[in-house]
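A.B. asks: Output the structure for:
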Amino acid sequence: MRINHLKYLVDPISKKLFRLKIQKKVGDHIIEGWLECATRRYKIHQGIPRILADSQYHNPSFRNHQAHTADSFSFEWNQIYTENNYERSNYLHFLSPFITANSIPGKVILDAGCGSGRFTKQAALLKAKLVIGFDLGGTVTKAYDLTHHLSNTLIVQADIYTPPFLNMFDLVHSIGVLHHLPQPQLGFKSLIGCIKPGGKILIWVYNRRKNLRALYFYEPLRNISRHLPKPLLYKLCYFPASIVHLINLSTKKWTNPPFGYYRNFPFNMKLNDAFDVLATPKSNYYYWEEIEDWFHEAGLKNIKHFEHPEAGITCIGSYDQ
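C.D. replies: Here you go, the predicted model:
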């Protein structure tokens with residue numbers, strides 16, 4: 001992190017600002033140090049603030065689910081993912097049709113569940129004022145490696161249920177994250193307090209409508225595959241990834257081919273997503289009406305949704321209080 005990032009971070013329990021103690025600094029990067037408030041302190045390690053607070057309402061089953069999910073994505077993003085040239089269009093696809101490249105410059109953005117940091121990086125390259133990406137597990141190391149050279153990025157290790165931020169963000173987005181949580185709507189509600197008045201929140205989640213392939217094939221298969229050792233499952237994922245790749249190659253001239261969403265992506269991205277589908281402990285699927293209810297219950301305004309052809313829902317709302 002950099003010194004000018006300090007004002008964006010707070011203790012997730014008390015919401016008090018931190019005092020900074022620097023132990024190691026390289027250039028303008030704080031590599032090792034502490035973030036301290038009256039009753040708690042958190043380590044800055046390898047350039048990343050580690051702001052993980054114990055939550056009293058997380059029961060053992062809840063914490064176990066979180067840990068397994070974090071481990072799965074840590075393996076995925078650290079061992080499989082390779083950056084590709086289509087991440088810009090992929091990022092804007094998930095934001096569409098509500099947020100465009102012209103909406104990003106000058107904004108302060110929170111990327112909730114940043115994974116590898118690929119979308120944190122794209123928002124920064126689109127000239128956001130600052131993009132903070134955070135995640136629970138070891139994926140933050142990958143995200144830091146991908147983004148630390150950009151002065152308008154900050155990677156934080158934190159829990160989505162206790163985010164260490166105040167309402168300072170023009171845009172909060174969570175892409176492909178909430179549907180994997182033990183309590184997705186609670187995770188969504190926890191992000192509302194990060195939006196500044198007049199700001200927006202956007203999420204992308206799995207669609208239940210017209211998604212029979214996922215509900216009746218992927219899910220039963222995943223209930224078995226998620227128990228396999230991660231290195232073994234990774235190797236097995238070459239089979240479905242190869243099938244998708246061959247379909248893409250043989251249907252280049254089709255208008256709406258099966259798996260058409262993947263036709264421009266390199267093979268590694270198909271491998272990455274195959275592992276994503278088969279390894280995560282839990283996936284939830286929603287109708288857009290359910291997701292809009294989340295937004296209404298949170299008191300958001302100007303709520304809109306869009307159903308993507310590849311069975312995802314983008315929903316956006318504004319915080320006008």
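
A.B. asks: When you work out contacts or count neighbours from here on, use the C-alpha atoms and nothing else.
C.D. replies: Fine.

A.B. asks: Chain neighbours aside, what residue packs nearest to Met269?
C.D. replies: Tyr81 (7.0 Å; C-alpha to C-alpha, 6 or more residues apart in numbering).

A.B. asks: Look up the pLDDT of the one you found for me, please.
C.D. replies: Looking at Tyr81, its pLDDT reads 94.

A.B. asks: Next, give phi and psi for it.
C.D. replies: For Tyr81, the backbone dihedrals are phi -60, psi 140 (criterion: degrees, to the nearest 10).

A.B. asks: go on, Val156?
C.D. replies: Per degrees, to the nearest 10, the backbone of Val156 is at phi -130, psi 140.

A.B. asks: Was I right to think it contacts His45?
C.D. replies: No: using C-alpha atoms under 8 Å, Val156 is not in contact with His45, being 10.3 Å away.

A.B. asks: So these two - more neighbours on which side?
C.D. replies: Neighbour totals were compared for Val156 and His45, and Val156 leads with 26 against 16 (other C-alpha atoms under 10 Å).

A.B. asks: Check the gap between the more buried one and Asn248 for me.
C.D. replies: 37 Å (C-alpha to C-alpha, to the nearest Å).

A.B. asks: which regions of the chain lie under the pLDDT threshold?
C.D. replies: Scanning the chain for pLDDT under 70 picks out the ranges 55-58, 321.

A.B. asks: Got the domain ranges for it?
C.D. replies: With domains defined by automatic domain parsing, the chain comprises 1-51, 212-279.

A.B. asks: looking at those domains, which is closest to Ile160?
C.D. replies: Closest to Ile160 of those, according to C-alpha to C-alpha: domain 1-51, at 10.2 Å.

A.B. asks: Show me how far the closest one is from its chain's centre.
C.D. replies: 22 Å (C-alpha atoms, centre = their mean, to the nearest Å).

A.B. asks: got the end-to-end distance for it?
C.D. replies: Start-to-end, domain 1-51 (C-alpha to C-alpha) is 13 Å.

A.B. asks: From Ser318, how far out is Asn78?
C.D. replies: According to C-alpha to C-alpha, Asn78 stands 34 Å off from Ser318.

A.B. asks: more crowded one of the two?
C.D. replies: Each of Asn78 and Ser318 has its neighbours counted (other C-alpha under 10 Å); Ser318 has more, 23 against 17.

A.B. asks: Report back the residue of the protein that's furthest from centre.
C.D. replies: Lys253 (32.9 Å; C-alpha atoms, centre = their mean).

A.B. asks: and it, what is it in contact with?
C.D. replies: If you count contacts by C-alpha atoms under 8 Å, 6 or more residues apart in numbering, Lys253 has none.

A.B. asks: and the gap between it and Pro240?
C.D. replies: Plainly put, Lys253 is 22 Å away from Pro240 if you go by C-alpha to C-alpha.

A.B. asks: right, and the helix or strand after whichever strand or helix holds Trp34?
C.D. replies: Per DSSP states H and E: Trp34 is located in strand 29-36. Sequence order places strand 41-45 as the next helix or strand after strand 29-36, per DSSP H and E.

A.B. asks: so what strands line up beside that next one?
C.D. replies: Under the criterion DSSP bridges, strand 41-45 sits next to strand 29-36 (antiparallel), strand 48-51 (antiparallel) in its sheet.

A.B. asks: neighbouring contacts of the shortest one?
C.D. replies: The contact list for strand 48-51, computed with C-alpha under 8 Å, 6+ apart, reads 1, 11-12, 31, 35, 42-44, 140, 144, 155-158, 164.

A.B. asks: Enumerate every residue touching the closest residue in space to Asn248 that isn't next to it in sequence.
C.D. replies: The spatially closest residue to Asn248, leaving aside those adjacent along the chain, is Arg263, at 5.0 Å (C-alpha to C-alpha, 6+ apart). Contacts for Arg263 were tallied using C-alpha under 8 Å, 6+ apart; they are His245, Asn248, Leu249, Lys252.

A.B. asks: which one of those sits closest to Ser74?
C.D. replies: His245 (24.4 Å).

A.B. asks: So the closest one belongs to a helix, correct?
C.D. replies: Yes: assigned with DSSP: H, G, I helix; E, B strand; the rest coil, His245 falls within a helix.

A.B. asks: Lys270 is in contact with that one, correct?
C.D. replies: Yes: look at His245 against Lys270 with C-alpha under 8 Å: they come within range, at 7.4 Å.

A.B. asks: what about the strands in the stretch 51-200 of the chain?
C.D. replies: 108-112, 130-135, 153-158, 169-175, 195-206 (DSSP state E, counting those that start in this stretch).

A.B. asks: Pick the most buried one from those.
C.D. replies: strand 130-135 (a mean of 27; mean count of other C-alpha atoms under 10 Å).

A.B. asks: What residues does the residue nearest the centre of the chain make contact with?
C.D. replies: Geometric centre of the chain, nearest residue: Gly113, 2.8 Å, by C-alpha atoms, centre = their mean. Neighbour list for Gly113: Gly133, Phe134, Asp135, Leu136, Ile160, Ser174, Ile175, Val177 [criterion: C-alpha under 8 Å, 6+ apart].
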